[in-house]
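Chemist: no FASTA, just this:
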C-alpha cells in the first residue's frame, strides 16, 4: 500500500542533502570538539560553522546561539532558569501552548505565580489583557508564548508582544519550533530574550535544536558537568546531528520563498476541493491573515466513520493527526481545541503540508475524506 504523510507539523523526514551531510561528518569528522588536536579542532570547526548558519537564519550573533536536544529542553531551561537566576516570580502564558510549556508551568506553579491569557475562537490573545497582567504581576515577569501554534497554525504578533514586554519590563520567551525555517525571523528587530527551536521540524534530525539567549541576559546552565557550549550545556556535542541541523537550516534559508509559495498553492487546492465536496466543513484558527499556511485544522461532519477519524485514515494509508503528537503516542483530546472551540460539534483533523506534496497526494486525501464523511 502507498502511504501518504500529512503530519509534517509533528515531524519531518530527513532530506537527502541533510542525510549526506550527516554521513560525511560521521565518516570523517569523528573527533571530540573539546579536544585540542587536529581531529578535535576539525570537529569544533564543524560545530561553529553550524552555529554561524543557524545564527544567520535568526539574524542573531554567534554568541547568542546554544545547541540543545530540541525545543522542549530549550523551553524548559529558560522557564526554570528565569526563576532561579533572574528572580522571575510571575510567568504569563496561554492555554494553547505546546505541552512542553503547559506541563512545565503546571509544575512551576507550585513555586511561582502562573497566569494564563484568554484566547479567542481562533487562538489569538488580547494584547491589552497582556499589558494588564504584566502590570499586575508580582515581582519580575516572564511572558512565554509560541510564535506559531502547532495545532491550528495561528501566528502571534511577536513584534507587538515584544514591544509590550520591553515597555513594561518583562522578559519574553518564544517557542519558534513551528516557524523557524518557514517564515523570516529577524531577532535584530524583535524584542525577544529567549527563543526555542527543534531541527526535526525542518527536515533535520530528531534530538537536536537550539536556544537563543539574548546577549544582555545571563543565566546559568540547566545542568553542570562540562564547559561545552560556552559553559551553557555540559556534555560532548551531538556533532552529527548538529551538522544535519545546520544543513537543514541552510536549505531552509535558500528555499524558504519557493517552499512557502508551493505550500500556499497546495493549501488553496486542498481547501477549495474540501469546501466544494464536504458541506459544513469548518476551519480552526486564523484563516485570513496571521497563520502558518502549512498547518490546516478542519472540523468535519460527525459520522460513524469520522468518529474514529485518525484510525480510519490510517487504514486508508493516510497519516494525519487530531492534534499534536503526544508523548504517550496516543491521540487525546486537544487542549488547544478545547481552549478555542468548546462545545462546537464536528471531528477535528490537523493536516500539515510540505513542499514535497503533490496535487495527486491532495486528491487522494480529499477523496478519502469524502468517503468518511458520507
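Modeler: Received it, and whenever you're ready, just let me know what you need. This is a predicted model, so every value here is computed, not measured.

Chemist: okay, residue 139 and residue 80: tell me how far apart.
Modeler: 16 Å (C-beta to C-beta, to the nearest Å). Quick note: C-beta positions are derived from backbone N, CA and C, even for glycine.

Chemist: residue 173 too?
Modeler: Between residue 173 and residue 80 the computed distance is 11 Å (C-beta to C-beta).

Chemist: secondary structure class of residue 178, three-state.
Modeler: Residue 178 falls in the coil class when you classify it by DSSP: H, G, I helix; E, B strand; the rest coil.

Chemist: count the residues that sit near it.
Modeler: Residues lying near residue 178 (other C-beta atoms under 10 Å) number 27.

Chemist: then residue 200?
Modeler: Residue 200 has 23 neighbouring residues, counting by other C-beta under 10 Å.

Chemist: so what's it up against?
Modeler: Listed by C-beta atoms under 8 Å, 6 or more residues apart in numbering, the contact set of residue 200 reads 11, 12, 70, 206, 207, 208.

Chemist: list only those of those flagged as buried.
Modeler: When the contacts of residue 200 are checked for burial by 16 or more other C-beta atoms under 10 Å, the buried set is 11, 12, 70, 206, 208.

Chemist: looks to me like residue 299 is in a strand.
Modeler: Yes. Counting by three-state DSSP, residue 299 is found in a strand.

Chemist: report pLDDT for it.
Modeler: You'll see residue 299 listed with a pLDDT of 92.

Chemist: so it sits against residue 281, correct?
Modeler: Yes. Residue 299 is within contact range of residue 281, at 7.0 Å (criterion: C-beta atoms under 8 Å).

Chemist: would you turn the buried ones among the contacts of residue 200 into JSON lines with distance to residue 318, pLDDT and secondary structure?
Modeler: Shown next, in JSON lines, are the buried ones among the contacts of residue 200 (distance: C-beta to C-beta, whole Å; pLDDT from 0 to 100; DSSP: H, G, I helix; E, B strand; the rest coil):
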{"residue": "11", "distance to residue 318": "16", "pLDDT": "98", "secondary structure": "coil"}
{"residue": "12", "distance to residue 318": "17", "pLDDT": "98", "secondary structure": "coil"}
{"residue": "70", "distance to residue 318": "26", "pLDDT": "98", "secondary structure": "coil"}
{"residue": "206", "distance to residue 318": "22", "pLDDT": "98", "secondary structure": "coil"}
{"residue": "208", "distance to residue 318": "29", "pLDDT": "98", "secondary structure": "coil"}
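
Chemist: dump those to CSV, plus distance to residue 371.
Modeler: As requested, the buried ones among the contacts of residue 200 are arranged in CSV below (distance: C-beta to C-beta, whole Å):
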residue, distance to residue 371
11, 27
12, 28
70, 37
206, 33
208, 40
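
Chemist: quick check, nearest of those to residue 253?
Modeler: residue 12 (16.1 Å; C-beta to C-beta).

Chemist: the chain: helices as residue ranges?
Modeler: 16-28, 38-58, 71-85, 99-108, 127-136, 158-167, 228-231, 239-277, 309-315, 335-340, 359-373 (DSSP state H).

Chemist: could you dump those to CSV with mean pLDDT, distance to residue 293 and mean neighbour count?
Modeler: Compiled in CSV, these are given as follows (pLDDT from 0 to 100; distance: least, C-beta to C-beta, whole Å; neighbours: other C-beta atoms under 10 Å):
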stretch, mean pLDDT, distance to residue 293, mean neighbour count
helix 16-28, 98, 23, 16
helix 38-58, 97, 19, 18
helix 71-85, 97, 21, 22
helix 99-108, 96, 24, 18
helix 127-136, 97, 24, 15
helix 158-167, 98, 17, 18
helix 228-231, 93, 34, 16
helix 239-277, 98, 5, 19
helix 309-315, 95, 21, 16
helix 335-340, 89, 18, 20
helix 359-373, 97, 14, 17
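
Chemist: if we can go back for a sec, among the contacts of residue 200, which one lies nearest to residue 309?
Modeler: Checking the contacts of residue 200 one by one against residue 309 (C-beta to C-beta), the nearest turns out to be residue 11, at 20.2 Å.

Chemist: quick check, the closest one in contact with residue 203.
Modeler: No. In this structure, residue 11 is not within contact of residue 203 by C-beta under 8 Å, at 9.6 Å.

Chemist: could I get the helices of the chain as CSV with distance to residue 119?
Modeler: What follows is these, written out as CSV (distance: least, C-beta to C-beta, whole Å):
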stretch, distance to residue 119
helix 16-28, 35
helix 38-58, 26
helix 71-85, 19
helix 99-108, 13
helix 127-136, 10
helix 158-167, 13
helix 228-231, 35
helix 239-277, 23
helix 309-315, 24
helix 335-340, 6
helix 359-373, 27
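
Chemist: right, and those - which one's nearest residue 146?
Modeler: Smallest distance to residue 146 across the helices of the chain (C-beta to C-beta): 7.4 Å, for helix 99-108.

Chemist: now do that closest one against helix 71-85, angle only.
Modeler: Taking axes from the mean of the first three to the mean of the last three C-alpha atoms, to 10 degrees, helix 99-108 and helix 71-85 form an angle of 30 degrees between their directions.

Chemist: find the nearest non-adjacent residue to residue 155, please.
Modeler: Nearest residue to residue 155, sequence neighbours excluded (C-beta to C-beta, 6 or more residues apart in numbering): residue 290, at 4.5 Å.
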